[in-house]
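Visitor: Structure for the following, please:
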Amino acid sequence: TLAKLANHLAKKRAQYGGVFDWQACEPLVEDCLMAQIDIGEIWGVGKRLRMQLRAMGITTCRDLKYAQVSLIRQRFGVVLERTVAELNGLACLALEDPQTSGGKPKQQIISSKSFGQAITTLTDLSAAVSSYTARAAEKLRQQDSICSHLVVFIQTNSYADHQKRYANSITLPLIVASNDTRRLSQVALMGIEKIYRLGYRYKKAGVILLGLHPATQQQGNLFVADQHQGASKVMHVMD
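Guide: Predicted structure coming up:
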């Protein structure tokens, strides 16, 4: 919850230069900032819940932070109670690793990043997307899965009113599902070439791997030679 709010402040407050850290704040400063953030900006607080909270006089993040925990649990359940705890700095959700925690394999894998400085050239965008694809493919192999579709997306800074805005994405199917970094990067670069437009300052790019299923359930193609076994050995060496 605090991470989402920090991201909100980093984007909305130019004085932070795109980076905000709650731990660098004094308690009074933290409360002052939370008092300026509407309750609807809290992760998980939708329109209906926002209206219910406002009817109780809880209109800002600070109000919820100091709300009576027993009342919040009684009225709204354990999920919002955990949100209150996280606003007070208590972590309630542990990080999960499918390989160590017994968690279920992910149904999609996203790898993206906002650039420190805007990117304008196709060459720089391609390099970034290729890097993100490699990270996503590594995660895909870690859970022993393959993907059948890949999404590439790019966007300009949506908060820069003085700049031209552009955002686009493209979904590309793979003829044969794969977790081969080389193949996925090739497809991703094809996608970035199709949606790239000259004359824009790009702030973010990324890839999404979809159609995930176990590598042991790969469906072959009558017209494409099976290279999965050889590719698996190469990717094992790379990892």
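
Visitor: doesn't W43 make contact with K4?
Guide: Yes - using Cβ atoms under 8 Å, K4 is in contact with W43, at 4.1 Å. Any C-beta I mention is one placed from the backbone N, CA and C, and that applies to glycine too.

Visitor: now the helices: where do they sit in the chain?
Guide: Along the chain, counting by DSSP state H, helices occupy 2-12, 27-35, 47-55, 61-65, 69-76, 78-87, 122-142, 181-195, 228-238.

Visitor: and the third one, what other elements does it pack with?
Guide: Helices and strands in packing contact with helix 47-55 are listed as helix 69-76; criterion 3 or more Cβ pairs under 8 Å, 6 or more residues apart in numbering; DSSP states H and E.

Visitor: neighbours of the residue lying closest to L140 once chain neighbours are set aside, just the number please.
Guide: Using Cβ to Cβ, 6 or more residues apart in numbering and skipping the chain neighbours, the partner closest in space to L140 is N179 (4.5 Å). When neighbours are counted by other Cβ atoms under 10 Å, N179 registers 26.

Visitor: Hmm, I146 and N179 touching each other?
Guide: Yes - in this structure, N179 is within contact of I146 by Cβ under 8 Å, at 4.7 Å.

Visitor: Touching both of the two, which residues are there?
Guide: L140, A215 (Cβ atoms under 8 Å, 6 or more residues apart in numbering).

Visitor: Contact partners for C25?
Guide: Counted by Cβ under 8 Å, 6+ apart, C25 has contacts L33.

Visitor: can you do 6 Å?
Guide: Listed by Cβ atoms under 6 Å, 6 or more residues apart in numbering, the contact set of C25 is empty.

Visitor: Can you give me the separation between it and C32?
Guide: 9 Å (Cβ to Cβ, to the nearest Å).

Visitor: again with R197
Guide: Using Cβ to Cβ, we find R197 at a distance of 42 Å from C32.

Visitor: ok, now V234?
Guide: 55 Å.

Visitor: what about the residue lying closest to E138 once chain neighbours are set aside, neighbour count?
Guide: Counting by Cβ to Cβ, 6+ apart, E138 lies nearest to D239, which is 6.4 Å off, once chain neighbours are set aside. D239 has 10 neighbouring residues, counting by other Cβ under 10 Å.

Visitor: In the chain, where is pLDDT below threshold?
Guide: Within the chain, the stretches with pLDDT under 70 are 94-103, 217-231.
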